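Undergrad: fold the following.
(2 chains)
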Number of protein chains: 2
Amino acid sequence: MSEPTAAIEYAQNHQEEILEDLKDLLSIPSISTLPEHEEDITRAAEWIAERMKNMGAENVRLMPTARHPVIYGEWSGAGADAPTLLLYGHYDVQPVDPIDEWQSDPFKPELRDGNLYARGASDMKGQLIAHFKAIEALQQTSGLPVNFKFMIEGEEEIGSPNLQAYIQANKELLQADLCLNSDSGILSEDQPAITVGLRGLTYFEIRLQGQHADLHSGTFGGVVDNPALVIARLMAGMKDEQGHITLPGFYDDVRELTAHDREMLPDLSDEWWKEKAGAKVLFGESGYSTTERARARPTFDVNGILSGFTGEGSKTVLPARAMAKFSMRLVPDQTPAKVKEQLLAYLEQHVPGTMTWELIEHAHANPAVIDTSSKAVKTAARAFEETWGKPPIYDRLGGTVPVVDMLQSELGVDTLMLGFGLPDDNIHGPNEKQHMPTLYRGVETVIRFLNEYGK
Amino acid sequence: MSEPTAAIEYAQNHQEEILEDLKDLLSIPSISTLPEHEEDITRAAEWIAERMKNMGAENVRLMPTARHPVIYGEWSGAGADAPTLLLYGHYDVQPVDPIDEWQSDPFKPELRDGNLYARGASDMKGQLIAHFKAIEALQQTSGLPVNFKFMIEGEEEIGSPNLQAYIQANKELLQADLCLNSDSGILSEDQPAITVGLRGLTYFEIRLQGQHADLHSGTFGGVVDNPALVIARLMAGMKDEQGHITLPGFYDDVRELTAHDREMLPDLSDEWWKEKAGAKVLFGESGYSTTERARARPTFDVNGILSGFTGEGSKTVLPARAMAKFSMRLVPDQTPAKVKEQLLAYLEQHVPGTMTWELIEHAHANPAVIDTSSKAVKTAARAFEETWGKPPIYDRLGGTVPVVDMLQSELGVDTLMLGFGLPDDNIHGPNEKQHMPTLYRGVETVIRFLNEYGK
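TA: Here you go, the predicted structure:
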């Protein structure tokens, strides 16, 4: 591997700029799920489009979808013979509640002990800035040996509901040799990793309505059914005390882990998991290690539940309605469509006649597996080893990156996951952070990867 | 019964004043459970104290408790030989959420079709004004033949947590021949009723905490337990799909209904209940009529439940904590203390080791039964029959009036329930109302009751 020394020096000399750029982008509260942040979404998209133009990208534009735009751009300075990479990322972030648990304002980035705290720091504005800076570093020094297309969406945190339609409508435009997806991370600041598997996802909301309006629980207790209790029973009926999912048929298509699958997973102790999760006790289905449960087994979780009076004190109300948000992480060979069928059958059987109900599907994505013998993965492995001084672990992610499956099935484009988040970055929770020294090493890793992949 | 003609004419000539007084008091949002309404609580208390003084009451004062004051006052113009009635009421009201279901501002009373819509109109500012006006009518005409003490509390809607201590500390002051409690109602505008039984109540909140903070459900799904699901399971475990309460031991002390008990209950059809509840389908334990379930059988209800992300859209969060508010209505011979023991035993057995938990007891009250052969009930029955042209039904209430049990056990004072709410007044829900013609007849009923009781 010939060292891109000048580009790496350039990146090292511009670390302060990476930090300032990132702070700037993080100060825009681009929360995709909340309608009141529409303007912030646009501001964040325009900020990134501007940065793309500064890198010499052409054809840069905000392409509308049914909700938030995709930022598109292209750079073909490496010539027709060079490979073209499609850089995927997202500029939207998660909501910030519970806000009172943040130690600093989620949209006023604060550097403490090498970590930059802000919503979106790790997931994934930090990763975007790292890739942009690596591209710039090569452009400004020895030259960028690959062409680029950019597809930066604004709906990842709400499950990319319009991305599939966007990709289908722009197959020519998006054609590439490889997708570079930075929406991922490594195992620790000392242990690089390449993601080679992702869980799928299906995310639902159920709304129940009993009687017309809230009633007094003294006058009407015993007269009508209670939607809060019915929703509790419906949720409880899908997973038992032993962590086994009891939704009928749920495990039917789950591909059992082979000895090789188990070996491929990183060796993470329960102590490691407890620390990362901030939990005194771990929990999950028996017969699997914690790492297996986190990376390679399906899950069922209630993400939110609400009914009745939830303020301070007491109110003797018999609620009229209840809602729950819940989701399943899927593994090969499960599909969201089949799980939805199973769920509908369950609900039709178990929602009592006292309730009217509505099921909303917020997101769905197939699980994905990435080929470890590809040029992309091998090149990335060398770039990691060169930068970190040790080879990366091939890891599976517990999370879901729906675009990986979409690009493969719609365009036949494989993905390389190349991101620099850490497991304790608190993504989606309070006090999200990005470890900046890791991000700086990430920039160097991307430089080395691009330099070699383009040769 | 000698007719208090002049007093009744006085009341009829002052109906406009009753309405204006009530509107004035209803415009004060004296919500006892919400700390931000502390000042409104004080304003409402002062409004009532002022009205008492106008009626010639002496020794009027706001007596502090651990939270909201009790308004005390006394009137002894009937002389030492006349009986003394303790008028109990409360000046606090329930919260107003869901606010968007109100057709008019809950604190801007609006008269539509003879009904005055506002929070607290029926429960129970309307009832208070009715009693005050009846007292005034007798004072201003033929004379009031009974002495009065007033004990108007500000914590009824949060379960009267400090009233027992207040009564214990003021046994001499509060001694009376009978408590007149207007926190009740009748069956319909055409059917008067006297409440002769009240369910007890025990109201709890459980808070669960799993891991330290909210986590990403992709990264940590399968690693830690889910408090939203655990709380769902705990609630579901206390009552089954058939409406049978499964908390172990819960029915042990329930006194079975006798044939006489069943006969005493009003004959209310399921159609009547459906209309009053605004429900298409009724629900409850088998073997009992709807009226029996509503008035004379114990209940378990979830009053509120909250965990995780409950905003619009989706957030793939694995919540750190969950809470539920739930309550049981009790019947003779259940006691709140024993139910709490059963609940603690259940929780100790069923809350998994993955959670820390805390149980808060918001309120508790014994069930109460009132003697139908007493002078008070007989006199009230005649006053109702004189006013309505038909005798009242002796009814049991599904609701709870903790003070009835407290006054009996602490002071040996019996209670007469004498209020004029209607079953469809939407108390505790949106669009609470008071039917004004019924309230005006109520004033006449109280006048007739006081006039005869004092002779």
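Undergrad: any low-confidence regions in the stretch 251-400 of chain A?
TA: Across the stretch 251-400 of chain A, nothing is flagged by pLDDT under 70.
Undergrad: contact partners for whichever residue of the stretch 51-200 of chain A sits closest to chain B?
TA: Relative to chain B, the nearest point of the stretch 51-200 of chain A is A:Ile158 (5.3 Å; Cβ to the nearest Cβ). In short, each C-beta sits where N, CA and C put it, glycine included. Residues in contact with A:Ile158 (Cβ atoms under 8 Å, 6 or more residues apart in numbering or on different chains) are A:Ser32, A:Thr33, A:Asp92, A:His362, A:Ala363, B:Gly313, B:Ser314.
Undergrad: which helices and strands does the helix or strand A:Glu341 falls within pack with?
TA: Per DSSP states H and E, A:Glu341 falls inside helix A:336-350. The contact analysis (3 or more Cβ pairs under 8 Å, 6 or more residues apart in numbering or on different chains; DSSP states H and E) places helix A:336-350 against strand A:200-209, helix A:227-236, strand A:321-330, strand A:356-365.
Undergrad: tell me which element the residue of the stretch 201-350 of chain A found nearest chain B falls in.
TA: Closest to chain B within the stretch 201-350 of chain A is A:Gly218: 2.9 Å, counting by Cβ to the nearest Cβ. When elements are assigned from DSSP H and E, A:Gly218 belongs to helix A:217-220.
Undergrad: near chain B, which residues of the stretch 51-200 of chain A show up?
TA: A:Gln94, A:Pro95, A:Asp97, A:Pro98, A:Glu101, A:Glu157, A:Ile158, A:Gly159, A:Arg199 (Cβ under 8 Å from any Cβ of the partner chain).
Undergrad: what is the burial count for the second one?
TA: If I follow you right, that is A:Pro95. Residue neighbour count, defined by other Cβ atoms under 10 Å in any protein chain shown, stands at 22 for A:Pro95.
Undergrad: ok, it touching B:Ser314?
TA: No: contact criterion Cβ atoms under 8 Å: A:Pro95 and B:Ser314 do not qualify, at 10.1 Å.
Undergrad: identify the contacts common to those two.
TA: Contacts common to A:Pro95 and B:Ser314, judged by Cβ under 8 Å, 6+ apart, are A:Thr33.
Undergrad: ok, then the element right after the helix or strand harbouring A:Leu180?
TA: Under the criterion of DSSP H and E, A:Leu180 resides in strand A:178-181. Next along the chain after strand A:178-181, taking DSSP H and E as the criterion, comes strand A:193-198.
Undergrad: what angle do strand A:321-330 and that next one make with each other?
TA: 110 degrees (axes from the mean of the first three to the mean of the last three Cα atoms, to 10 degrees).
Undergrad: remind me what strand A:193-198 packs against, helices and strands.
TA: Strand A:193-198 sits against strand A:368-369, helix A:375-388, strand A:393-397, strand A:415-417, with contacts defined as 3+ Cβ pairs under 8 Å, 6+ apart.
Undergrad: tell me the buried residues in the longest one?
TA: Using 16 or more other Cβ atoms under 10 Å in any protein chain shown as the burial criterion, the residues of helix A:375-388 that qualify are A:Ala376, A:Val377, A:Thr379, A:Ala380, A:Ala381, A:Arg382, A:Ala383, A:Phe384, A:Glu385, A:Glu386, A:Thr387, A:Trp388.
Undergrad: chain B next: which of these are close?
TA: Okay, of the buried residues of helix A:375-388, nothing touches chain B (Cβ under 8 Å from any Cβ).
Undergrad: and of the residues you listed, the nearest to A:Asn170?
TA: A:Asn170 has its nearest neighbour among these in A:Ala376, at 22.3 Å by Cβ to Cβ.
Undergrad: for that closest one, which non-adjacent residue is closest in space?
TA: Excluding its sequence neighbours, the residue lying closest to A:Ala376 (Cβ to Cβ, 6 or more residues apart in numbering or on different chains) is A:Leu416, at 4.2 Å.
Undergrad: state the pLDDT value of the closest residue to chain B within the stretch 1-150 of chain A.
TA: Residue of the stretch 1-150 of chain A nearest chain B, by Cβ to the nearest Cβ: A:Thr33 (3.5 Å). We have a pLDDT of 92 for A:Thr33.
Undergrad: that one is in what secondary structure piece?
TA: Going by DSSP H and E, A:Thr33 is not part of any helix or strand.
Undergrad: OK, contacts around it?
TA: A:Gln94, A:Pro95, A:Glu157, A:Ile158, B:Gly311, B:Glu312, B:Gly313, B:Ser314, B:Lys315.
Undergrad: thinking again about what came up before, quick one, what contacts the residue of the stretch 201-350 of chain A closest to chain B?
TA: A:Thr316, B:Arg199, B:Leu201, B:Arg329, B:Leu397, B:Gly398, B:Gly399, B:Thr400.
Undergrad: just put those residues in CSV and tack on distance to A:His244 and neighbour count.
TA: Output for these, formatted as CSV (distance: Cβ to Cβ, whole Å; neighbours: other Cβ atoms under 10 Å in any protein chain shown):
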residue, distance to A:His244, neighbour count
A:Thr316, 36, 28
B:Arg199, 39, 29
B:Leu201, 37, 28
B:Arg329, 35, 28
B:Leu397, 45, 24
B:Gly398, 40, 26
B:Gly399, 42, 25
B:Thr400, 41, 30
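Undergrad: just the residues you listed now: which is nearest B:Arg51?
TA: B:Gly399 (25.8 Å).
Undergrad: isn't the closest one up against B:Leu198?
TA: Yes: look at B:Gly399 against B:Leu198 with Cβ under 8 Å: they come within range, at 6.7 Å.
Undergrad: what's the nearest residue in the stretch 301-450 of chain A when you look at chain B?
TA: A:Gly399 (2.8 Å).
Undergrad: quick check: closest non-adjacent residue to that residue.
TA: Per Cβ to Cβ, 6+ apart, closest to A:Gly399 is B:Gly218, 2.8 Å.
Undergrad: what's the answer for A:Leu26, then?
TA: Using Cβ to Cβ, 6+ apart, the closest residue to A:Leu26 is A:Ala118 (4.1 Å).
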